[in-house]
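J.: Quick one, structure for this:
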Amino acid sequence: MSRYTKEEMLSKVDHTLLKPEATWPQIQKICDEALENHCASICINTCYVKQAAEYLTGRLPVCCVVGFPLGAMDTASKAFEAKTAIENGASEVDMVINIGRLKNGEYDAVREDIAAVKRAVGDKVLKVIIETCLLTDAEKEKMCDIVPEAGADFIKTSTGFSTGGATFADIELFARCVKGRCKIKAAGGISTVEDMERFLDLGADRLGTSRAVKLLTSGETGEGY
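T.: Numbering: from 1, shown residues only. Below is the predicted model:
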């Protein structure tokens, strides 16, 4: 028997639709599902933020992705996208780091990239996607320092668009290394209720998934993102 109720798990879920071919009726549908199931937020691409915020009328937070899915644009462009999203009604932003800069050892540049987006979002929530599947454990550990140092609220595993998603080992590493300095979001490839429970047990504060509502309300497996 799970130690989490269905409602507790859904309250941790960013109900997600990030496919490039997503239509407005599909975005409306996830808004309705997230409202009905009291999810933490909907997570969408920035082109739909204004419409979604107007549709939801403050009943649910709108989360959006910035610099997605590669993170490889210049910092000013990333910050501008974030600022525009907030102006359009987003209350949470999930940004992708500059992975190449991290690989180069340009830690100050990676930190400033995050800090610039945090300045753009102000008091709104910033989650930082580090794309764990492309990193060494040493790089993941380094990002566990850089993310809170830059003022972000969450460290997040994955976009769901690269070579892998969240793993239990990565959430364990995050919990060990961030030491409570920021929160943790597991995302990408979460495909069962058991996965959700395990990620929460290991220290995840938020789950990014398109499947959770179907899994928890009908037992079906939803489409991945």
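
J.: make it CA atoms for all contacts and neighbour counts henceforth
T.: OK.

J.: For Asp123, which three-state class applies?
T.: Reduced to three states with DSSP: H, G, I helix; E, B strand; the rest coil, the structure at Asp123 is coil.

J.: Quick check: pLDDT value at Ser224.
T.: Ser isn't right for residue 224; it's Gly. pLDDT recorded at Gly224 is 37.

J.: which residues of the chain fall in strands?
T.: 13-17, 41-45, 62-66, 92-96, 125-129, 154-156, 183-187, 206-209 (DSSP state E).

J.: and of the ones you listed, who's closest to Thr167?
T.: Among the strands of the chain, the nearest to Thr167 by C-alpha to C-alpha is strand 183-187 (8.0 Å).

J.: relative orientation of the closest one and strand 13-17 in degrees?
T.: 40 degrees (axes from the mean of the first three to the mean of the last three C-alpha atoms, to 10 degrees).

J.: Neighbouring strands of strand 183-187 in the sheet, and parallel or not?
T.: strand 154-156 (parallel), strand 206-209 (parallel) (DSSP bridges).

J.: right, so of those strands, which gets closest to Cys39?
T.: Closest to Cys39 of the strands paired with strand 183-187 is strand 206-209 (C-alpha to C-alpha; 10.2 Å).

J.: need the strands of the chain in TSV with mean neighbour count and mean pLDDT, can you?
T.: Formatted as TSV, the entries for the strands of the chain read as follows, by neighbours: other C-alpha atoms under 10 Å; pLDDT from 0 to 100:
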stretch	mean neighbour count	mean pLDDT
strand 13-17	27	98
strand 41-45	26	98
strand 62-66	28	98
strand 92-96	27	99
strand 125-129	26	99
strand 154-156	28	99
strand 183-187	26	98
strand 206-209	26	98
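
J.: Adding distance to Met143 as columns, could you present the ones you listed in a markdown table?
T.: Compiled in a markdown table, these are given as follows (distance: least, C-alpha to C-alpha, whole Å):
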| stretch | distance to Met143 |
| --- | --- |
| strand 13-17 | 22 |
| strand 41-45 | 23 |
| strand 62-66 | 18 |
| strand 92-96 | 12 |
| strand 125-129 | 9 |
| strand 154-156 | 8 |
| strand 183-187 | 12 |
| strand 206-209 | 18 |
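
J.: For Ala169, which of those strands is the nearest?
T.: Comparing these under C-alpha to C-alpha, the one sitting nearest is strand 183-187, at 11.1 Å.

J.: For Ser191, give its distance to Gly67.
T.: 25 Å (C-alpha to C-alpha, to the nearest Å).
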